[in-house]
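> kindly return the folded structure for what I paste below:
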Amino acid sequence: MTPSRESELVAAAQDGDAAARDELVRTFMPLIASAARRHRSSASVDRAELLQDGVVGLLRALERFDPQLGTPFWAYASWWVHQAMQKLVAEMTRPVVLSDRALRCLARVKGAQRQAARAGEKEPTTAELAMKTGIPRDQVESLIAVERPPRGLEEQLPSDDGGSATFGERLADPVAEDEYDRAEVRARVDALRGGLPGGLGEREQNVVRAHFGLGRPAETLREIAGELGVSVERVRQIEERALEKVRVALVAKGALAG
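Got it, this is the predicted structure:
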């Protein structure tokens with residue numbers, strides 16, 4: 001694409017021309033796909049989801065792009081594309097979802113660790129990392145903890161008697177279900193089977209019906225995401241919002257305690 005043609009499409013797309021916007025997406029899709037390959041760090045992150053979020057990043061860049069500054073569109077948009085993909089990877093692979101600011105801080109901490117490794121230095125302590133990065137020590141400790149891989153409940157651990165036990169068996173359950181919790185779960189399931197309460201949007205109803213198999217075969221969140229054309233995390237958010245509305249409706253009807 002020539003610079004003049006790019007400028008024409010960007011200007012038309014910013015004015016609301018859907019055809020121009022679609023042509024921009026098609027034109028830059030190879031570059032978005034190239035960016036996606038750099039973010040395939042985990043099998044749990046689907047390539048199609050990376051591409052989808054990359055397109056979202058491109059469209060966000062389009063909304064904010066100022067042609068008067070003289071910057072080529074892709075040079076500006078690539079940052080938004082990579083940021084969108086980075087956020088998706090963080091949401092899908094980490095047990096804790098980090099804000100953009102926390103992700104930037106984490107990148108600084110990891111950069112300091114890599115710099116120490118390249119220089120042949122010993123692994124820096126959290127205090128040393130705090131000095132190198134200018135990030136408070138308690139935040140450095142929290143960021144490092146987030147980076148630790150989650151442990152599987154079936155992981156075998158040695159026991160004091162020479163045998164072994166799973167990690168899950170070693171964990172005490174601080175929130176074990178009591179009778180009230182079980183009653184609430186039963187009430188919600190019965191309410192879903194008896195029909196969804198009013199107040200749910202069409203997409204919320206579709207997600208809940210598909211995931212719980214109400215009047216149709218149950219589907220995974222990933223399958224639902226593919227049908228709706230959104231990310232798995234977005235489907236999870238829609239379901240959580242819908243289930244909260246179900247809970248509120250049950251409380252209002254007296255099926256659950258407030």
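
> got the residue ranges for the helices in the stretch 101-250 of the chain?
Using DSSP state H, counting those that start in this stretch, the helices found in the stretch 101-250 of the chain span residues 126-133, 137-147, 167-170, 179-194, 202-212, 221-228, 232-253.

> which elements pack onto the second one?
Taking 3 or more Cβ pairs under 8 Å, 6 or more residues apart in numbering; DSSP states H and E as contact, the helices and strands that helix 137-147 lies on are helix 100-118, helix 126-133. C-beta coordinates here come from the backbone N, C-alpha and C atoms, glycine included.

> average model confidence for it?
Averaging the model's pLDDT scores along helix 137-147 yields 76.

> can you show me the CA trace of it as PDB?
This file holds the C-alpha atoms of helix 137-147, laid out as PDB (Å, rounded to 0.1, in the frame of the first residue of the first chain):
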ATOM      1  CA  ARG A 137      10.100  -3.600  47.100                       C
ATOM      2  CA  ASP A 138       6.700  -4.900  48.100                       C
ATOM      3  CA  GLN A 139       5.500  -4.400  44.600                       C
ATOM      4  CA  VAL A 140       8.500  -6.200  43.200                       C
ATOM      5  CA  GLU A 141       7.700  -9.100  45.500                       C
ATOM      6  CA  SER A 142       4.100  -9.200  44.400                       C
ATOM      7  CA  LEU A 143       5.000  -9.100  40.700                       C
ATOM      8  CA  ILE A 144       7.500 -11.900  41.100                       C
ATOM      9  CA  ALA A 145       4.900 -14.000  42.900                       C
ATOM     10  CA  VAL A 146       2.500 -13.500  40.000                       C
ATOM     11  CA  GLU A 147       5.100 -14.800  37.600                       C
END
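
> report the buried residues of that helix.
In terms of neighbour count (16 or more other Cβ atoms under 10 Å), helix 137-147 has its buried residues at 139-140, 142-143.

> next: the first one.
Residues of helix 126-133 classed as buried under the neighbour-count rule (16+ other Cβ under 10 Å) are 126, 128-130, 132-133.

> in JSON lines: those residues, plus pLDDT and distance to Val10.
Output for the buried residues of helix 126-133, formatted as JSON lines (pLDDT from 0 to 100; distance: Cβ to Cβ, whole Å):
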{"residue": "Thr126", "pLDDT": "83", "distance to Val10": "45"}
{"residue": "Glu128", "pLDDT": "88", "distance to Val10": "46"}
{"residue": "Leu129", "pLDDT": "89", "distance to Val10": "42"}
{"residue": "Ala130", "pLDDT": "89", "distance to Val10": "43"}
{"residue": "Lys132", "pLDDT": "88", "distance to Val10": "40"}
{"residue": "Thr133", "pLDDT": "90", "distance to Val10": "37"}
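
> possible to save these as TSV with distance to Arg108?
Shown next, in TSV, are the buried residues of helix 126-133 (distance: Cβ to Cβ, whole Å):
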residue	distance to Arg108
Thr126	13
Glu128	13
Leu129	9
Ala130	11
Lys132	8
Thr133	5
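
> tell me the domain ranges of the chain?
Annotated domains of the chain cover 3-93, 100-147, 179-253 [automatic domain parsing].

> those domains: lowest mean pLDDT?
domain 179-253 (a mean of 73).

> before we move on, the earlier item: please name whichever of the helices and strands packed on helix 137-147 is nearest to Pro30.
Closest approach to Pro30 among the helices and strands packed on helix 137-147 (Cβ to Cβ): helix 100-118, 26.0 Å.

> what's in contact with the closest one?
83, 86-87, 90, 98, 122-124, 129, 132-133, 135, 139-140, 143-144, 146-147 (Cβ atoms under 8 Å, 6 or more residues apart in numbering).

> once you drop chain neighbours, what's closest to Glu49?
Ser231 (5.2 Å; Cβ to Cβ, 6 or more residues apart in numbering).

> if I pick that neighbour, what's in contact with it?
Ser231 touches 49, 52-53, 88, 225, counting by Cβ under 8 Å, 6+ apart.

> out of these, which comes closest to Glu63?
Asp53 (15.6 Å).
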